[in-house]
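Q: quick one: sequence plus predicted model below, questions after.
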Amino acid sequence: MNKGLALVGGVAAWAAVAVVAVLIVFNMGGKNQVLMFLPILAAVAAAWAIGELVTRHVFTEHEKGV
Amino acid sequence: MALLRKSFEQKRELRDPGLIRAIFSSTWLAPLWLVARLYLGYQWLMAGSHKVWGEGRWIAVSGPDGLPLQGYWQRAIAIPEQGSAAIKYDWYRDFLTFMVNHEWYRWFSWVIALGETTVGILLIVGAFAGLAALAGAFLNFNFMLAGSASINPVLFVIALLILFGWKVAGWIGVDRWLLPALGTPWQPGRVFRRVLKGRVANEACPVCQMPVDPARSPASAYNGLIYLSCCPVCKERLDEQPARYIAGFGPAIPVPAEG
């Protein structure tokens, strides 16, 4: 897994968060704020976890080799 | 007089107490900032969505855009015969009146609708969280000046708090990677270091002469050149008195021509 692929994966994960948030808010606007809030929170947490994992496993190992 | 001059000439930096630094600069409270950011972002996205989507939208409608905004401005600038006007500052009423008379609502509605949506998305994904909060606070400020209270005061306070905690507000977000990559105007990040690679001016710390690491050492930018310090303490000293350390620091490398 190279750095470029990891970077694309990270950007895609956060773009997905934006898409999820927009879709949820635009389609369910005002129906149930808690039910709308939770999936957005989950999407952010998932994207952040992916980013951390990728950073630790791809970028840190490369840096160690320098 | 001399006493006054002396006390102001002496440069003293008053450090924040540990609790303040823990709240606004430490990542251990990042989950709290995430909740604040998501709530604020969610509110802005909700507000923006009603303006760009659905039947009551402000923009991309058949006919002139921004008619709801025109109505809002007209209600705000109206001075009732009884009671008090919504706007308390005459200069702000004049400003809105000017925009109404020049039909600025046609394009300003796009700015507000897309601005609110963008602020909401940026806060939710945590990208440039501080700047997004600043933009949101500016919108709240204007709504309040126009006489709309609603939830604006609460959103304004949350935005200010996020603004103060800009370094860590987006830690559980894109800023976790974006800020170190881009850096700040006073400390260029990895991307700008790469761009300015040929402009690193020193191989040893300008303050203590210890060797520097181009990949990791704290960087400062002066006169189009990058100056690396061996540690954050030396960087702080360099930034406090750049002329003292840079003036006698070897020959300056000329800035290469662009392209």
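A: The structure has been received and is ready for your questions.
Q: count of residues packed around the nearest residue to residue B:214 once chain neighbours are set aside?
A: Leaving aside its sequence neighbours, residue B:214 sits nearest to residue B:200 (C-beta to C-beta, 6 or more residues apart in numbering or on different chains; 6.0 Å). In short, each C-beta sits where N, CA and C put it, glycine included. A count of nearby residues for residue B:200, using other C-beta atoms under 10 Å in any protein chain shown, gives 17.
Q: hang on, isn't residue B:200 packed against residue B:213?
A: No. Here residue B:200 does not reach residue B:213: they are 11.0 Å apart, not a contact under C-beta atoms under 8 Å.
Q: who touches both of the two?
A: residue B:228 (C-beta atoms under 8 Å, 6 or more residues apart in numbering or on different chains).
Q: next up, the contacts around the closest residue in space to residue B:46 that isn't next to it in sequence.
A: Spatially, and ignoring its direct neighbours in sequence, residue B:46 is nearest to residue A:25 (5.8 Å; C-beta to C-beta, 6+ apart). Residues near residue A:25 by C-beta under 8 Å, 6+ apart: A:36, B:42, B:45, B:46, B:49, B:120.
Q: tell me how many other residues crowd the first one.
A: Here the number of neighbours of residue A:36 (other C-beta under 10 Å) works out to 20.
Q: and it, which of the three is it?
A: helix (DSSP: H, G, I helix; E, B strand; the rest coil).
Q: same question, the fourth one
A: For residue B:46, the reduced secondary structure class is helix; criterion used: three-state DSSP.
Q: pLDDT value on it, please?
A: The model reports residue B:46 with a pLDDT of 90.
Q: okay, and the most centrally placed residue in chain B sits in which element?
A: Computing the C-alpha centroid of chain B and ranking residues by C-alpha atoms, centre = their mean puts residue B:131 first, at 2.8 Å. In this structure, residue B:131 sits in helix B:129-145 according to DSSP states H and E.
Q: now do the buried residues in that helix.
A: Neighbour-count burial for helix B:129-145 flags B:129, B:130, B:132, B:133, B:134, B:135, B:136, B:137, B:139, B:140, B:143, B:145 (criterion: 16 or more other C-beta atoms under 10 Å in any protein chain shown).
Q: hmm, whichever helix or strand comes after it in reach of chain A?
A: Sequence order places helix B:152-164 as the next helix or strand after helix B:129-145, per DSSP H and E. No. Helix B:152-164 is not in contact with chain A by C-beta under 8 Å from any C-beta of the partner chain; minimum separation 14.5 Å.
Q: helix B:152-164 to helix B:129-145, inter-axis angle?
A: Helix B:152-164 and helix B:129-145 are oriented at 150 degrees to each other (axes from the mean of the first three to the mean of the last three C-alpha atoms, to 10 degrees).
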